[in-house]
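Colleague: Provide a 3D model corresponding to the input given below.
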Amino acid sequence: GIGAYLNRLGQRVIQMVNGPMILTGFGALNKLLGKNVYTSQDQLGGPQVMVPNGITHKLVQSDQEGVGAILDWLSFTPKTTWDCSPVLD
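Modeller: Prediction:
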C-alpha cells in the first residue's frame, strides 16, 4: 500500500528478500494497461528492482536480521545531542 512510498522518505530502508515494496499491485496495473505486462509483485517492488535503484539500502533474510541492521546503524549515532558521533578504530 501507500506505506511503501513512505519507505523512500526515510534515511535507511531495509527490505526482506521475499517482501516486495509496492504501491499498486501488478493486477491493477495490468488492468489499467489493458494487457498483462506484469506477472508478479516482485517485478514492481522486489529486491531486484529496489536495490539497484537505491531505494533499499540493506537486504535481509529475516526480521531478526533486519533488527540487527537497525541496531548496527543506531550504533553510529551520538548518545546525546551534545556528544560526538562514534568513531571507528
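Colleague: Just the CA coordinates for the longest helix along the chain, please, in PDB.
Modeller: Counting by DSSP state H, the longest helix found in the chain is helix 63-74. This file holds the C-alpha atoms of helix 63-74, laid out as PDB (Å, rounded to 0.1, in the frame of the first residue of the first chain):
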ATOM      1  CA  ASP A  63      13.100  -9.900  10.700                       C
ATOM      2  CA  GLN A  64      15.800 -10.700  13.200                       C
ATOM      3  CA  GLU A  65      18.500  -9.800  10.700                       C
ATOM      4  CA  GLY A  66      16.600  -6.600   9.900                       C
ATOM      5  CA  VAL A  67      16.500  -5.600  13.600                       C
ATOM      6  CA  GLY A  68      20.300  -6.300  13.800                       C
ATOM      7  CA  ALA A  69      20.800  -3.900  10.900                       C
ATOM      8  CA  ILE A  70      18.800  -1.200  12.600                       C
ATOM      9  CA  LEU A  71      20.800  -1.700  15.800                       C
ATOM     10  CA  ASP A  72      24.100  -1.500  13.800                       C
ATOM     11  CA  TRP A  73      23.100   1.800  12.200                       C
ATOM     12  CA  LEU A  74      22.000   3.200  15.500                       C
END
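Colleague: tell me how far it is from the chain's mean position?
Modeller: Between the centre of helix 63-74 and the centre of its chain there are 13 Å (CA atoms, centre = their mean, to the nearest Å).
Colleague: what ranges do the strands span in this structure?
Modeller: When assigned using DSSP state E, the strands of the chain occupy the ranges 14-16, 58-60.
Colleague: The last one pairs with which strands, and in what direction?
Modeller: By that I understand strand 58-60. As defined by DSSP bridges, the strand partners of strand 58-60 come to strand 14-16 (parallel).
Colleague: Same question for the longest helix of the chain: list its buried residues.
Modeller: Along helix 63-74, the positions that meet the burial threshold by neighbour count (16 or more other CB atoms under 10 Å) are 66, 69. The way it works is simple: take the backbone N, C-alpha and C, and place the C-beta from them, glycine included.
Colleague: on contacts alone, who are the packing partners of it?
Modeller: In terms of contact count using 3 or more CB pairs under 8 Å, 6 or more residues apart in numbering; DSSP states H and E, helix 63-74 is assigned the packing partners strand 14-16, strand 58-60.
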